[in-house]
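Visitor: heads up, no residue letters with this:
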């Protein structure tokens, strides 16, 4: 976990009061393979997330294409890794009960690596205690386990093949299996083949119904190799407007095509980022020193876009007279290359406000600087924010401008074609993160897995509208103004199933999904402090700001007094109370969404649970 403070959507619920249902915040169309473009619930204020994109395995009809050819893709964090595309039975399911490292079925492409021919390479997913090449592998519990799962390192296996083709056991450069001395954790060395390219297959010694996440690393060279920017922009994703469509192909009457118009992998540098000699910042807008390039914004190509910092009711500045400079694309720029800049929006007053024409890429870099003053070496903070001009000022566009996180690549994802009559689509030049019929330009990141409705039948039927299913074969777009993106910034779910579970609990918290039914009870802009089980002290329940304990399935318990105080202060306009549906539950089965209990000093937390304060 890297941070503790979110400014997110929060509204609270009393555990025993009558339900006063709030409407879901639907600011974006659904992505997936169901009705319209999908069939999922709204997550936060961004995209309504559905069944995700099926990424294929290279051997069957795929909904992902590259340059017109079916392909297989998978994420490494939030970026695409290169995989092999093969019809070999090695990467298809076993038709009989087979196990062990020598089997030639049931393997999954983990990635492609490069190395220097003839050099020794060590590939590892656990390293058997070798801290120099850690890697890792972990089993995620199956769908119907409790809210406090026990994580385990599986009997993971790796097979290394020359080039970019799947290989049999007899053809492999190396096969790594469970360590005999220090527990599961495959590690093996091999000689880099002629041509300098190899690929890794992953699996488990004994097939399991649980999901296995393998994080393989190499001692030298590059592994896994990521797709280049050009390769990312060549990808096309296809979804069907026909529910449960078993075959989604380009050109069909019910097929929607989506593609990336921009890929932000990093922010390019410029001389303007160097410190000003003998000063704490630039004296004028044209000075090319003392600037920071840490913010990126989406926008609508060709449209006037406004960004402010402590001006026009947009953004903020602490300890600084802010200046703004806007650069086209994801790169810093010098003054001569800027597409917009401003010092004082109002003469004599600190605060910057700049209006610029959005570039064709739909992406711009927002540079900030503290104007030169007599105060040296003091801390300051400048937070820019976008707005839309309206009568008497500007309407805020929260998180259209976001600080660029190196771990979260950003994408401008658009609908490039759709059937006549398809509904829920953004307006022309809008992104998939914009509301139906609108165009604002919100960017998205990507994550593995899906949020989609799941109906439970025991002990009585009920539906969780935001059930998370982890899967490397599905991708979900996470909009910068949505709950998932905010939580991805903190918990980095690609690290392990444990971190993934904490992210799911965080999403429940940010959306105030107390009941675990996927119903949000939120308003935007409420500060939240969040921490994990390791920092839990039962006396925290006496803190007047304490709100709830969160699990991947919803709230475990809440503070009724905090709930009532937040409702009384108008944090949930139009409601006096919230409660959860009561589902008869006798224990010993699937967790059911009953009203959460009152948190007490004796409350204990499982390792993947969170707790939060609301201010």
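Guide: Great, that's in hand. Since we're looking at a predicted model, the values are computed, not measured.

Visitor: what about stretch 272-279, average pLDDT?
Guide: For stretch 272-279, mean pLDDT rounds to 83.

Visitor: hmm, I was thinking of stretch 218-238
Guide: 93.

Visitor: Of all the residues in that stretch, which ones are buried?
Guide: Neighbour-count burial for stretch 218-238, counted by 16 or more other CB atoms under 10 Å, picks out 218-219, 221, 223-227, 231-232, 234-238. Where C-beta positions appear, they are placed from N, C-alpha and C, glycine not excepted.

Visitor: which one among those gets closest to residue 517?
Guide: Checking the buried residues of stretch 218-238 against residue 517 by CB to CB gives residue 237 as the nearest, at 29.0 Å.

Visitor: what sits against that closest one?
Guide: With contact taken as CB atoms under 8 Å, 6 or more residues apart in numbering, residue 237 is in contact with 53, 63, 64, 257, 258, 259.

Visitor: returning to that earlier point: and the furthest pair within the buried residues of stretch 218-238?
Guide: Using CB to CB, the two most remote members of these are 219 and 238, lying 38.7 Å apart.

Visitor: Please enumerate the helices of the stretch 151-300 of the chain.
Guide: Using DSSP state H, counting those that start in this stretch, the helices found in the stretch 151-300 of the chain span residues 229-233.

Visitor: low pLDDT regions in it?
Guide: Counting by pLDDT under 70, the stretch 151-300 of the chain shows low-confidence ranges at 153, 178-185, 208-210, 243-244.

Visitor: Which residue ranges of the stretch 401-550 of the chain form strands?
Guide: 401-403, 410-417, 444-448, 450-456, 462-469, 474-479, 526-532, 546-551 (DSSP state E, counting those that start in this stretch).

Visitor: For the first one, which outside residues touch it?
Guide: Under the criterion CB under 8 Å, 6+ apart, residues 294-297, 307, 315, 366, 384-386, 410, 443, 480 lie in contact with strand 401-403.

Visitor: can you put these in TSV and add distance to residue 451 and neighbour count?
Guide: Listed next are the contacts of strand 401-403 as TSV, based on distance: CB to CB, whole Å; neighbours: other CB atoms under 10 Å:
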residue	distance to residue 451	neighbour count
294	29	18
295	27	24
296	25	22
297	26	26
307	31	31
315	31	26
366	30	28
384	30	28
385	27	25
386	26	27
410	20	23
443	19	28
480	17	23
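
Visitor: Tabulate those residues (CSV), appending distance to residue 201.
Guide: Below are these laid out as CSV (distance: CB to CB, whole Å):
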residue, distance to residue 201
294, 39
295, 40
296, 36
297, 41
307, 47
315, 49
366, 43
384, 46
385, 47
386, 45
410, 31
443, 34
480, 35
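
Visitor: Now for these: which two are most distant?
Guide: Across the contacts of strand 401-403, the longest distance by CB to CB is 19.5 Å; it joins 315 and 410.

Visitor: contacting residues for the closest residue in space to residue 138 that isn't next to it in sequence?
Guide: In space, not counting the residues next to it along the chain, residue 138 is nearest to residue 496; the distance is 4.9 Å by CB to CB, 6 or more residues apart in numbering. By CB under 8 Å, 6+ apart, the contact set of residue 496 is 136, 138, 151, 213, 215.

Visitor: For the fourth one, give its distance to residue 98.
Guide: To residue 98, residue 213 is 22 Å away according to CB to CB, to the nearest Å.

Visitor: Could you do the third one as well?
Guide: Separation of residue 151 from residue 98 (CB to CB): 26 Å.

Visitor: one step back: report the two of the contacts of residue 496 separated the most.
Guide: Pairwise distances across these peak at 13.7 Å for 151 and 215 (criterion: CB to CB).

Visitor: What's the local residue count around residue 525?
Guide: Residues within reach of residue 525, counting by other CB atoms under 10 Å, total 11.

Visitor: in terms of contact, does it touch residue 481 like I think?
Guide: No: using CB atoms under 8 Å, residue 525 is not in contact with residue 481; the gap is 11.2 Å.

Visitor: shared neighbours of the two, which are they?
Guide: Counting by CB under 8 Å, 6+ apart, the shared contacts of residue 525 and residue 481 are residue 398.

Visitor: Need the residues that contact stretch 73-80.
Guide: Contacts of stretch 73-80 (CB under 8 Å, 6+ apart): 55-56, 64, 66, 81, 83, 109, 111, 224, 226-227, 231-232, 235, 265, 407-409, 445-448, 472-473, 475, 488, 492, 494.

Visitor: can you rerun that using 6 Å?
Guide: Residues from elsewhere that reach stretch 73-80 (CB atoms under 6 Å, 6 or more residues apart in numbering): 55, 64, 81, 83, 224, 226-227, 232, 408-409, 445-446, 448, 472, 494.

Visitor: quick check, nearest of the residues you listed to residue 157?
Guide: Ranked by distance to residue 157 (CB to CB), those are led by residue 472 at 16.3 Å.

Visitor: quick one: contacts for the closest one?
Guide: 74, 448.

Visitor: and the gap between it and residue 207?
Guide: 16 Å.

Visitor: Sheet partners, orientation included, of whichever strand in the chain runs longest?
Guide: Longest strand in the chain by number of residues (criterion: DSSP state E): strand 255-264. Sheet pairing of strand 255-264 (DSSP bridges) gives strand 235-240 (antiparallel), strand 410-417 (antiparallel).

Visitor: From the chain's centre, how far out is the shortest one? Work that out for me.
Guide: Relative to its chain's centre, strand 235-240 lies at 19 Å (CA atoms, centre = their mean, to the nearest Å).

Visitor: just checking, what packs against the top helix by length along the chain?
Guide: Determined from DSSP state H, the single longest helix within the chain is helix 497-510. In terms of contacts (3 or more CB pairs under 6 Å, 6 or more residues apart in numbering; DSSP states H and E), helix 497-510 is packed against helix 483-491, strand 546-551.

Visitor: Serialize the ones you listed to CSV and add fields for mean pLDDT, mean neighbour count and distance to residue 602.
Guide: Formatted as CSV, the helices and strands packed on helix 497-510 follow (pLDDT from 0 to 100; neighbours: other CB atoms under 10 Å; distance: least, CB to CB, whole Å):
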stretch, mean pLDDT, mean neighbour count, distance to residue 602
helix 483-491, 90, 26, 27
strand 546-551, 92, 26, 12
